[in-house]
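**Q** quick one: sequence plus predicted model below, questions after.
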Number of protein chains: 4
Amino acid sequence: MSIKTEVEMKLKQQGNQSENRGRLLVKCPDKPGIVSMLSTFLLNHDSNIIESSQYSNDPEKGNFFIRMEFYCENLKEKSAQMESDFEEIATNHSMDYHFAYESERKRTAIFVSKEPHCLIELLWEWQNGDLDTDIVVVVSNHEDAREMVESLGIPFHYIPANKDIRKKVEEEQIRLMEEYSVDLLILARYMQILTPDFVNHFQHRIINIHHSFLPAFIGARPYERAYDRGVKLIGATSHYVTNDLDEGPIIEQDIERVDHRDDVIDLKKIGSRIERRVLAKAVKWHLENRIIVEGNKTIVFH
Amino acid sequence: MSIKTEVEMKLKQQGNQSENRGRLLVKCPDKPGIVSMLSTFLLNHDSNIIESSQYSNDPEKGNFFIRMEFYCENLKEKSAQMESDFEEIATNHSMDYHFAYESERKRTAIFVSKEPHCLIELLWEWQNGDLDTDIVVVVSNHEDAREMVESLGIPFHYIPANKDIRKKVEEEQIRLMEEYSVDLLILARYMQILTPDFVNHFQHRIINIHHSFLPAFIGARPYERAYDRGVKLIGATSHYVTNDLDEGPIIEQDIERVDHRDDVIDLKKIGSRIERRVLAKAVKWHLENRIIVEGNKTIVFH
Amino acid sequence: MSIKTEVEMKLKQQGNQSENRGRLLVKCPDKPGIVSMLSTFLLNHDSNIIESSQYSNDPEKGNFFIRMEFYCENLKEKSAQMESDFEEIATNHSMDYHFAYESERKRTAIFVSKEPHCLIELLWEWQNGDLDTDIVVVVSNHEDAREMVESLGIPFHYIPANKDIRKKVEEEQIRLMEEYSVDLLILARYMQILTPDFVNHFQHRIINIHHSFLPAFIGARPYERAYDRGVKLIGATSHYVTNDLDEGPIIEQDIERVDHRDDVIDLKKIGSRIERRVLAKAVKWHLENRIIVEGNKTIVFH
Amino acid sequence: MSIKTEVEMKLKQQGNQSENRGRLLVKCPDKPGIVSMLSTFLLNHDSNIIESSQYSNDPEKGNFFIRMEFYCENLKEKSAQMESDFEEIATNHSMDYHFAYESERKRTAIFVSKEPHCLIELLWEWQNGDLDTDIVVVVSNHEDAREMVESLGIPFHYIPANKDIRKKVEEEQIRLMEEYSVDLLILARYMQILTPDFVNHFQHRIINIHHSFLPAFIGARPYERAYDRGVKLIGATSHYVTNDLDEGPIIEQDIERVDHRDDVIDLKKIGSRIERRVLAKAVKWHLENRIIVEGNKTIVFH
């Protein structure tokens, strides 16, 4: 029996469970009683906590963060009331909060340039059932990936891009994102700079993979510079895109060992393996609502 | 400023906080409302939850596990009442539970034979403030470590041991453990087999380091056998000691890469580095009450 | 510029270099002067040593192993004479040896059952230029992979298999391997036992991926058993197939960390990522003639 | 039997072997025949090659590097003639070269400030037989480590230091290094800047441990800055000291995973574990003459 079959059987055994799973993310000023209040709220709304993670940052900032995953029979019919009832709590305790439902899969767009390895990895993980999302569109400034993408039944849009036509290109891209109702936008080695205007449309909803161990080798040509510096490890970083280039909140990083025998092409090959697994992890955690952005950092509830 | 000084300053800033910190560990049949009940209980006892981790194992077994770390002003004066009040909840919900207090440091004994590396690491982490315990006695069947141990003001007891005098030796060891009111017993490369009688005295309170990646190379001479098998990674495993040799619940494992050029002595040297860090981690987690044993497995709340 | 383009450009810059690259592997009793003799031999045959690695095992066994990679203009025209001249040296010094030429790419067959992840990884690395081989045929006891394989222009043969028809199946497989002149046979999660007769046809030319950190969990259902044992790391092992099941010379191993929250399906998913990279590395090293088998171990010259 | 005893027995079995072991390191313009020439030279001087590693950098720079470890009976009596005979070869082929002998142990000084962890690790590895050197003196601008150092019979010199008295301090340090005939100077978390004058006295003979994954967080307070940036991995880097601060040739780097729960003190603790193992590795490789510096990079022959 293949893993995929097993996953499908497992989901089936759970019946309509995944329809009945929700997640509540909360950020608020820290004080006693929050866990008690939230868990009692869920209990009173027929919801059983499956998983719960919390974090308080340092006493000065004094914020409390929690992610609760819960199960509730007939969640679809009850969620509106639940959210409505929650408003009062949220107001009273100055909470930023977010309800998410497994039954409402996020809609994802992937942007890619010539290097296909991150795209391939995402598609592979997605087919394997590891990325709980609908990949609704792939956008590229090259035609290379069209066949692979369309063979999976995913629309592929070729939009040539360079800095002279950036404004026009981004308008078309934003229009496309709206057309496809995109929730998450993944830059899977998309080698064009995005303007602040574009980024502001998708705050904390664009995930990029940077091909270095940030903050080392910020900017262009990181592998060439890693080679010149003679580092013994190379890495990759997935992060949310902000308007400070390569400075957005880091979600995940990883490295591999290299040595003096590895030339720049070797570094790129080794790096491509790091990139694809680092990006896939970050995307998975985002889709599972495991990430809260706080300032320029991420809290990732594993 | 050294790390040690910083740690001390940090603790000082927290005032008598560590005196006011407690941990509640609970295992019970899974059902809705437990988190709400426990968090409300703590709130009603003036306790603020600092950290909370939970886990439910598969539906068939249906058990729920939680570890809550809380802060309570004047905890020392309130803990008796708190524990007394908790009894009814525990009975009603078939809970196994355990209250632990940071102010009541566990008393630890270390057993060692000739190899000193794990002992040295533990003493180093302990001096560095990483192991929150009192190391009250070191027992060895060799004299080698006496000077190092006594120079730190720790009593050292030399008890020669071999299988012919095992019963007598263990009686003396048990007597010593009682004399020193030992809570945790660490086998830091102690190369004598313990009898069921001895082990039963300290259920889930003896931590051993096995010098292989269990279940590979169970038993004696693991590095020699790893060499003969030509493995490309060697490892170490820390586990609670049970009466099934090398079969107790695993707490932590780690590995390092080796290759054909490494002979048995090289493997032992590399292995000794793995052993010392794996054992130190397991001990740290035990002291912080992060481990719940369930059947032959551990739940480790990081 | 994509990595693939860069690799192609690099090869082009090297002109017909790869046609002119050869490798000499030698095993012989250890004694002074071998490096001098071999390097002088290559020099006298207009060959420049590009890379050289050597190893002497322990004094008792007293064997010397060396891998020399060399460059020789017009190697194709000179190799016959070179090999002929080498015979005398080899005889005089009791050498096992092997000349390999980059221009003569090995012909590879991949066997697969239902799990496609290792096959996909190999095809991906191959398309990316990382595996210097011709993949000449894929054989499976399931039809699942046919479309993907044939879309790359590789012949796909469906040969149903089970233990009752094993003899007949293996005869057909051997006939196919001969028809396609296969040099290397990769078991990419092929879940059928091979008989000694089959294995003997391809000594040290069948590479398997075992889904555990051997020798832990030898045999069937390693992930289930890893789950039951509560290990904190899971692994995979690539090895040459011998007639001792799961006991052949280990080429490469790797691991990833798991914890109590991972159920068997999680272990399989995590494991599938380990499997695909461990198998791809072993295959790459075999294709580059980096592996010498000595007894039940491998010497891998990185 | 302890590892240390085994190591001692192994060395004893090898008789006076270590007295008879030498290493030849060569850098020269790349051309055919060098390996043949060098190996024949050693053969003609009764020397058997035990280990040999080579590397050619890219065709443009065209340099060849080799490290040969050899065994020669009565090496002490023969080395002068061998070195004298080698001069002609070296001149003819524009070789930079270096003969090193195991019987002539390097003399090492360790500089340390308040943090003792790197010093402790080095002393521990040294006692364990892993660092083949004489540690002849420890210098510190604090008194903290005196007792530990002197208890091992190593002279300890307290030299207060700050930037106002830098010139005078360095004069005294240089005088001490000369008095103790120091070959290698290790900065084991010595927190004073060294002047170009001092550094020039010890070119490629000062090894520093920098508490970050260079080039990330060059300069002061790397852990604080790593915390502020929200990285998911922290690292350490050992490198030769040059007059470009934190820019010297990197010898070794490693990392460990951190997450949002780790505050600055946690990062320092985790970092101290990385620092000590990274520095110990770099020192070991230097002592075994495994490192050739080429421009601002190192070639490390493992």
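**A** Now that the structure is in, tell me what you want to look at.
**Q** biggest helix in chain A by residues?
**A** Secondary structure of chain A per DSSP state H: the longest helix is helix A:264-287.
**Q** how about it: buried residues?
**A** For helix A:264-287, the neighbour count (16 or more other C-beta atoms under 10 Å in any protein chain shown) marks A:264-265, A:267-287 as buried. Every residue, glycine included, has its C-beta placed from N, CA and C.
**Q** so what pLDDT did the residue in the stretch 101-250 of chain A positioned nearest to chain C get?
**A** Nearest residue of the stretch 101-250 of chain A to chain C: A:K114, at 4.3 Å (C-beta to the nearest C-beta). The model reports A:K114 with a pLDDT of 94.
**Q** for it, grab the count of nearby residues.
**A** A:K114: 17 surrounding residues under other C-beta atoms under 10 Å in any protein chain shown.
**Q** so what touches the strand or helix carrying A:R23?
**A** Element membership of A:R23, judged by DSSP states H and E, is strand A:21-29. Residues outside strand A:21-29 that contact it (C-beta atoms under 8 Å, 6 or more residues apart in numbering or on different chains) are A:34, A:38, A:42, A:47, A:50, A:62-72, A:75, A:79, A:90, A:93-103, A:288-289, A:292, A:294.
**Q** ok, A:M191 touching A:S113?
**A** Yes: judged on C-beta atoms under 8 Å, A:M191 makes contact with A:S113 at a distance of 4.3 Å.
**Q** related to what we said a few turns ago, moving C-terminal of the longest helix of chain A, what's the next helix or strand?
**A** strand A:291-294.
**Q** chain center to that following strand: distance?
**A** What separates the centre of strand A:291-294 from the centre of its chain is 11 Å, taken as C-alpha atoms, centre = their mean, to the nearest Å.
**Q** what's the average pLDDT for it?
**A** In the prediction, strand A:291-294 has an average pLDDT of 96.
**Q** same check on stretch A:207-226?
**A** Across stretch A:207-226, pLDDT averages out at 94.
**Q** please see if that stretch touches chain C.
**A** No: using C-beta under 8 Å from any C-beta of the partner chain, stretch A:207-226 stays clear of chain C, with a minimum separation of 9.8 Å.
**Q** is it true that A:R257 touches A:L233?
**A** Yes: using C-beta under 8 Å, A:R257 is in contact with A:L233, at 5.7 Å.
**Q** ok, the two, which is more surrounded?
**A** Taking other C-beta under 10 Å, A:R257 and A:L233 do not tie; A:L233 has more neighbours (22 against 13).
**Q** ok, the residue nearest to the more buried one when sequence neighbours are not counted - contacts?
**A** Distance criterion C-beta to C-beta, 6 or more residues apart in numbering or on different chains; nearest residue to A:L233, sequence neighbours excluded, is A:I255 at 4.5 Å. Residues near A:I255 by C-beta under 8 Å, 6+ apart: A:213, A:233-235, A:274, D:233, D:255.
**Q** tally of neighbours for the closest residue to A:G219 other than its chain neighbours?
**A** Spatial nearest neighbour of A:G219, excluding adjacent residues (C-beta to C-beta, 6+ apart): A:D246 at 6.6 Å. Using other C-beta under 10 Å, A:D246 has 18 other residues around it.
**Q** ok, A:D246 touching A:H210?
**A** Yes: between A:D246 and A:H210 there is a contact under C-beta under 8 Å: 5.7 Å.
**Q** what touches both of these two?
**A** A:H239.
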